[in-house]
Every structure is written in structure tokens, then in C-alpha cells.
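Q: only geometry, no sequence info:
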């Protein structure tokens, strides 16, 4: 093994020393011990690797990502049909394969929430569970909309009539992909909550249809998403889709 | 999978996965989306994994597949595996301490795929060459090749950052000198 070959192998040697006993590196390490120039290169290279690791590990994940994952994980969790026992039962019932096949096709075609939506649900969960605070609070939703406008945050011009009649809890603003997003939380008549998310998109949003809400039920969350020009809205509650439809009439 | 297990897995792995995704995708939003999507796939399919000790490896492999899937229609990977990025064996090493984390990440993001994924797993997660081979589903020899050549590219990118920073300092110093004389 010459120095060039040893360098090639030692490039995979972890600077923490975890590979000291690995036979893959024995010959290359022996070569480094024999050749001072190679040893110097190896020492400097390991120090460089340690410094790069340290710097890269200092990069933090964005706020709200963890909460978004936890909420999305709950709603992505398939119901018990994926559990092994039930899967075996399904496998045994091969006569139903055609039916199951069409079900799978429907399932894969079912609309799902995308990144900004699960992130917003994460922010909402954090507010509801008291892990995050509202930017401002009021039981008058009109005041919250005015506050959002005054602070140049994402805000709609006029609340849907049925939402306007509800009492609000507060609102919070944040950013997704550099775009401003706001959430207003409302108290429903039955004591539950409903949330209106507004996001200003850089360009007209293609994933939601104008004035025609797209409904997605994912786990416990029912959502309706629509857009108006470069602003996209999502109404969300923990419940069923028919409950959310009543607020859009 | 119990909710508490899922939360523990998220707490342990979401930040490293995000960093891995960020080094691949170059956009924070796409990286966050890739990270979320990976965990959602775990929530939906993770119970099929019999050996729970391989959950971490499963997550990184799944994220990488997701990334490749999204890129399949956008990017034709450059054929540089063995032809380019010649290793200068006794090359000058940049002073990484002088740079912040974002600057190092930016330099890493400018390393070409497919070297970047192997480098990120090596640096961020201290994965062994065998683990990198498993995650990226490539032979061990290819891992070593990608690490060797990827490191050479990273050094070049970091050195150019250092040079740019030095030029900026000289330029500011010259401006101040000109102001004093002018």
C-alpha cells in the first residue's frame, strides 16, 4: 500500500477513533506510522474532520419542525390494518384481493396535507397545549385581524361570517419558507376550537383551488384549504369534515 | 408504534435528519419537508421494521430515497464519480475554525452529489463506511471513493470561502486607507 492508497482508505476513518480496531484500516494506519509525512497529513486531516463536524452540528433545525412532525406523525399513523396480525388475516383473505387493490389505489390517491400545513398544525398544537404563546389575545376576532394588518402579517380582508360570530382566543404569526403565516384560534359553540391559517405565497398558489375549498381529513384533523390570489387559507379543527364545512357555508 | 416511542425517535433524530436533508436539498423549506415526510413514512410503515435498532438507518435511507425520488425528474447526476475531483494528497487544509456553521454548511452544499450525501453522513452522524454503504445502498469501495473525493471538493470550497473573506478584509482596509488619504 502506498501513501495515495492509504489516504484513500483513511478518508473513511472517523476522527473520533471509533474505527481504531477495524481491520479495514489496519494497513493504512500502519503505513501512516511508518511515514511521517503521511502521519502529519492524517493528523491534520482528522483535526479538519473534527472541526467540520463541530461546525455542522451547530446548525439548528427550524422552530416548529419538531411539533409539525409530531402532529403529522399522529395523523399519518395508519389504523390497525397495518398491524402484523391483521395483515396476516388480510393475506389469508386473498379472495378479497381485488377489493383490497382498489382500496389501496383510492388510499394512495387520497389528498394529504403538505409541509406548510403540517407545520401550521404543529404551531396550533403548541398553542393549544400551552407550549407556545399567542402574539396577542382578544375574544374579538375583528381586533385580531386588525392587529395582523397593523403588523403587516398575513391576514384576510374579511372573516367568513360564521367565524366572525365566534369568540377568538388569540393569534400567532410565523414564517414558512420565508413567507409570512398567521393563525387565529376561535372558540366553537360546543367548546371545541377551530383555527384559521393564512399564508401569503410569493406567487399564486396552485395546490388550492380559488374559492372552492379542498377538504382533507388526516387522522383527527379536518382541514379545508382554498386560495385567493397569492393568499392561501386553511381552516382546521380536530373533528370531522362535516363540522368544518358548516363554517364555510 | 406507541406515541411516546414516536416522540422519542423524533426527539433523537429530527435535528440530524434535518441537517442531512439541508445538505442535500439546499433549501430550508424543502429540508424541513423531507424531514417531516420521512417521519410520516415511519409513522405509516415503521412497524414493518422488525429490528428496532435499525430505525435510525431506516430514517436516513428513507430520506435519501425521498430526495432522489424528487430529484429524478429534475436533475441528471453528473458523471463525475471517478473522473473529476482529483485528490491533491498533501493539499492545504482550510482553517475551519475561522468560519461559522452556516458557512461550512454552505460549502458542503456546493459539493456535488453524489459525494455530498456520503460526506454529510460521515460528518454529521459519524456513520462508519459500512453504515454509509447501507444507508446509500452502495458498495464500500464507492463510499471510500466518495468520501475521499468529496473531502477534496469540500476543502476547495472552504478555501475559496477563506480567500473571499480575506479579499473582503483587504478591500475594507484599502477603502479606509483611501478615505484617510482622500
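A: Perfect, thanks for sending it. Because the structure is predicted, anything quoted here is derived from the model rather than measured.
Q: CA atoms for contacts and neighbours, from now on please.
A: OK.
Q: all strands for chain A, in order.
A: Taking DSSP state E as the criterion, chain A contains strands spanning A:136-137, A:167-176, A:179-187, A:193-200, A:214-218, A:221-228, A:231-238.
Q: of these, which is nearest chain B?
A: strand A:167-176 (7.1 Å; C-alpha to the nearest C-alpha).
Q: contact partners for the residue in chain B that chain A sits nearest to?
A: Per C-alpha to the nearest C-alpha, residue B:101 is where chain B lies closest to chain A, at 4.3 Å. Residue B:101 is in contact with A:55, A:56, A:57, A:58, A:59, counting by C-alpha atoms under 8 Å, 6 or more residues apart in numbering or on different chains.
Q: now swap in residue A:38 and tell me
A: A:3, A:7, A:31, A:32.
Q: now do the residue of chain B closest to chain A against residue A:236, distance only.
A: 37 Å (C-alpha to C-alpha, to the nearest Å).
Q: quick check: domain ranges of chain B?
A: B:1-75, B:97-182 (automatic domain parsing).
Q: any idea which of the contacts of residue B:101 has the most stuff around it?
A: residue A:56 (24 neighbours; other C-alpha atoms under 10 Å in any protein chain shown).
Q: my guess is it meets residue B:103, correct?
A: No: with contact defined as C-alpha atoms under 8 Å, residue A:56 does not reach residue B:103; the gap is 9.1 Å.
Q: sec struct for residue B:141, please.
A: helix (DSSP: H, G, I helix; E, B strand; the rest coil).
Q: how many neighbours does it have?
A: Neighbour number of residue B:141 under other C-alpha under 10 Å is 14.
Q: and if you look at residue B:105?
A: 23.
Q: quick one, phi psi at it?
A: Note on residue B:105: backbone dihedrals following degrees, to the nearest 10 are phi -60, psi -40.
Q: next one, pLDDT for residue 110 please.
A: Going with chain A. For residue A:110, the pLDDT comes out at 56.
Q: meant chain B actually
A: Note for residue B:110: predicted pLDDT of 88.
Q: would you check that it makes contact with residue B:156?
A: No: when contacts are counted by C-alpha under 8 Å, residue B:110 is not listed as touching residue B:156 (10.2 Å).
Q: where's the closest residue to residue B:62 other than its chain neighbours, which helix or strand?
A: What sits nearest to residue B:62 in space, not counting adjacent residues and going by C-alpha to C-alpha, 6 or more residues apart in numbering or on different chains, is residue B:38, at 6.3 Å. Taking DSSP states H and E as the criterion, residue B:38 maps to helix B:28-45.
Q: elements contacting that helix?
A: helix A:65-76, helix A:115-128, helix B:3-25, helix B:55-71 (3 or more C-alpha pairs under 8 Å, 6 or more residues apart in numbering or on different chains; DSSP states H and E).
Q: domain parsing for chain A?
A: According to automatic domain parsing, the domains of chain A span A:3-57, A:65-245.
Q: re earlier: now, which of the contacts of residue A:38 lie close to chain B?
A: On the criterion C-alpha under 8 Å from any C-alpha of the partner chain, residue A:7 are the entries of those that sit beside chain B.
Q: between the contacts of residue A:38, which sits nearest chain B?
A: residue A:7 (7.3 Å).
Q: model confidence for residue 136, exactly?
A: Reading this off chain A. Per the predicted model, pLDDT is 90 at residue A:136.
Q: I was thinking of chain B, sorry if that wasn't clear
A: pLDDT at residue B:136 comes out at 89.
Q: rewinding a little: contacting residues around the residue nearest to residue B:62?
A: B:59, B:62, B:63, B:66 are the contacts of residue B:38 under C-alpha under 8 Å, 6+ apart.
Q: how close does the second one sit to residue A:70?
A: According to C-alpha to C-alpha, residue B:62 and residue A:70 sit 18 Å apart.
Q: out of the two, which sits in the more crowded spot?
A: residue A:70 (25 against 21).
Q: what residues are up against the residue nearest to the residue of chain B closest to chain A when sequence neighbours are not counted?
A: Leaving aside its chain neighbours, residue B:101 sits nearest to residue A:55 (4.3 Å; criterion: C-alpha to C-alpha, 6+ apart). By C-alpha under 8 Å, 6+ apart, the residues touching residue A:55 are B:100, B:101, B:102, B:104.
Q: now, of those residues, which are buried?
A: For those, a burial check counting by 16 or more other C-alpha atoms under 10 Å in any protein chain shown picks out B:101, B:104.
Q: just the contacts of residue A:55: which are in strands?
A: Per DSSP E, the contacts of residue A:55 never map to strands.
Q: and which of the contacts of residue A:55 is nearest to residue A:146?
A: residue B:102 (37.2 Å; C-alpha to C-alpha).
Q: do you know the pLDDT at the closest one?
A: The model's pLDDT for residue B:102 equals 84.
Q: counting neighbours, what do you get for residue A:47?
A: Residue A:47, neighbours per other C-alpha under 10 Å, totals 16.
Q: quick one: it from residue B:16, how far?
A: 21 Å.
Q: just residue A:66 next, same as before
A: 12 Å.
Q: residue B:8 now?
A: Taken as C-alpha to C-alpha, the span from residue B:8 to residue B:16 is 14 Å.
Q: again with residue B:150
A: From residue B:150 to residue B:16 the distance is 20 Å (C-alpha to C-alpha).
Q: per-residue pLDDT, residue 52?
A: No chain was given, so I picked chain A. pLDDT at residue A:52 comes out at 90.
Q: actually chain B
A: So, for residue B:52, pLDDT stands at 75.
Q: pLDDT score assigned to residue B:95?
A: For residue B:95, pLDDT reads 77.
Q: next, give phi and psi for it.
A: Dihedral pair for residue B:95: phi -90, psi 90, per degrees, to the nearest 10.
Q: with mean neighbour count and distance to residue A:13 added, can I get the strands of chain A in TSV?
A: Listed next are these as TSV, based on neighbours: other C-alpha atoms under 10 Å in any protein chain shown; distance: least, C-alpha to C-alpha, whole Å:
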stretch	mean neighbour count	distance to residue A:13
strand A:136-137	16	53
strand A:167-176	21	38
strand A:179-187	22	42
strand A:193-200	24	47
strand A:214-218	19	45
strand A:221-228	22	47
strand A:231-238	23	49
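Q: residue ranges in chain A under the pLDDT threshold?
A: A:75-112, A:202-211, A:249 (pLDDT under 70).
Q: now it against chain B: closest residue?
A: residue A:55 (4.3 Å).
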